[in-house]
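Chemist: Sequence first, then the predicted structure, then my questions.
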Amino acid sequence: MATSVRIVGLGGSLRAASTSRGALQVVLDGAAASGAEVQLFWARNVNLPLYNSDDEVPTVAHDFAETVYACDAMVWSTPNYHGSVSGSFKNALDWLILLADRDPPYLSNKPIGLVTTAGGTHGLQAINSMDFIARALRGWSVPLVMPVAQSWRAFDASGQLTDEAVAAQLRALGEEVARAARQFKTDGTCDYAQDLPYIPDKGKL
Ligand SMILES: Cc1cc2nc3c(=O)[nH]c(=O)nc-3n(C[C@H](O)[C@H](O)[C@H](O)COP(=O)(O)O)c2cc1C
């Protein structure tokens with residue numbers, strides 16, 4: 001029997017008819033079809049306050065960080081905003097500072113599938129931004145990525161995907177994230193050696 005894995009999706013648009021959320025759902029459907037347990041966090045529904053280290057940690061942020069820490073893999077999906085990720089998407093990830101002192105810290109040993117929808121033709125900008133964030137959080141971005149450029153072509157006005165070719169690629173990404181999660185879980189750690197000089201000291205972050 002295949003190793004059971006839990007995958008958490010994070011959608012970073014606040015729009016009701018969000019295309020990046022629609023794309024994320026299809027990726028999670030692909031992961032679920034290959035046997036993964038999936039859970040979706042959508043910035044519109046989660047209502048995470050803006051991160052501020054002066055404030056007490058709200059329950060919603062605590063629960064979000066704990067759910068992420070307990071999962072085996074993630075799928076991130078953001079709209080491309082001004083050549084990068086949306087503010088609400090980044091804010092959700094900023095709350096993962098709550099996982100800085102864990103052992104292992106942050107998203108160690110978790111593969112992350114990256115998805116974006118863009119109005120123009122430069123979807124890779126947000127993918128590359130997410131790749132930097134994934135590495136900062138000690139995660140492993142999956143080499144297969146899904147930038148959906150000119151999103152208005154592939155989605156209807158309610159944010160539902162209508163392009164079957166794009167849907168097949170998104171489902172394939174979901175399967176790939178689930179496969180990578182199983183491999184990490186089965187083979188154990190694949191993390192950096194802790195004494196390498198380019199790994200910043202946790203206490204100095
Ligand atoms: C504030 C803002 C900035 C945007 N910047 C870009 C951009 O730099 N490049 C681009 O291709 N599309 C840009 N867009 C278009 C969105 O990426 C596109 O509409 C996307 O599909 C929206 O995702 P959503 O449906 O999940 O909200 C921008 C949209 C907004 C609202």
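Modeler: Yep, that arrived.

Chemist: Please make it C-alpha for all contacts and neighbour counts, starting now.
Modeler: OK.

Chemist: Give me the residue ranges of this structure where confidence is low.
Modeler: Residue ranges of the chain with pLDDT under 70: 1, 188-205.

Chemist: Next, residue 107: secondary structure please.
Modeler: coil (DSSP: H, G, I helix; E, B strand; the rest coil).

Chemist: got the buried residues for the longest helix along the chain?
Modeler: Counting residues, the longest helix found in the chain (DSSP state H) is helix 164-187. Residues of helix 164-187 classed as buried: 166-167, 169-185 (neighbour count, 16 or more other C-alpha atoms under 10 Å).

Chemist: wait, doesn't residue 79 sit right on residue 85?
Modeler: Yes - taking C-alpha atoms under 8 Å as the definition, residue 79 is a contact partner of residue 85 at 6.3 Å.

Chemist: The longest helix of the chain packs against which elements?
Modeler: For helix 164-187, the packing partners by 3 or more C-alpha pairs under 8 Å, 6 or more residues apart in numbering; DSSP states H and E come out as helix 19-33, strand 73-79, strand 111-117, strand 146-148.

Chemist: what residues are shared contacts of residue 79 and residue 85?
Modeler: Shared contacts of residue 79 and residue 85 (C-alpha atoms under 8 Å, 6 or more residues apart in numbering): residue 126.

Chemist: quick one: contacts for the one residue sitting closest to the centre of the chain?
Modeler: Nearest residue to the geometric centre of the chain (C-alpha atoms, centre = their mean): residue 76, 2.3 Å. Each residue near residue 76 by C-alpha under 8 Å, 6+ apart is listed here: 9, 10, 11, 12, 24, 112, 113, 114, 115.

Chemist: ok, for the fourth one, nearest residue in space, not its chain neighbours?
Modeler: If the residues on either side of it in the chain are set aside, residue 12 comes closest to residue 89, at 4.0 Å by C-alpha to C-alpha, 6 or more residues apart in numbering.

Chemist: part of a helix, is that neighbour?
Modeler: Yes - per three-state DSSP, residue 89 lies within a helix segment.

Chemist: What about it, how many residues nearby?
Modeler: Counted with other C-alpha atoms under 10 Å, residues neighbouring residue 89 total 21.

Chemist: The nearest residue to residue 97 once chain neighbours are set aside and the ligand, how far apart?
Modeler: Excluding its sequence neighbours, the residue lying closest to residue 97 (C-alpha to C-alpha, 6+ apart) is residue 106, at 7.4 Å. Counting by C-alpha to the nearest ligand atom, to the nearest Å, the gap from residue 106 to the ligand is 26 Å.

Chemist: That concludes my questions; thank you for your assistance.
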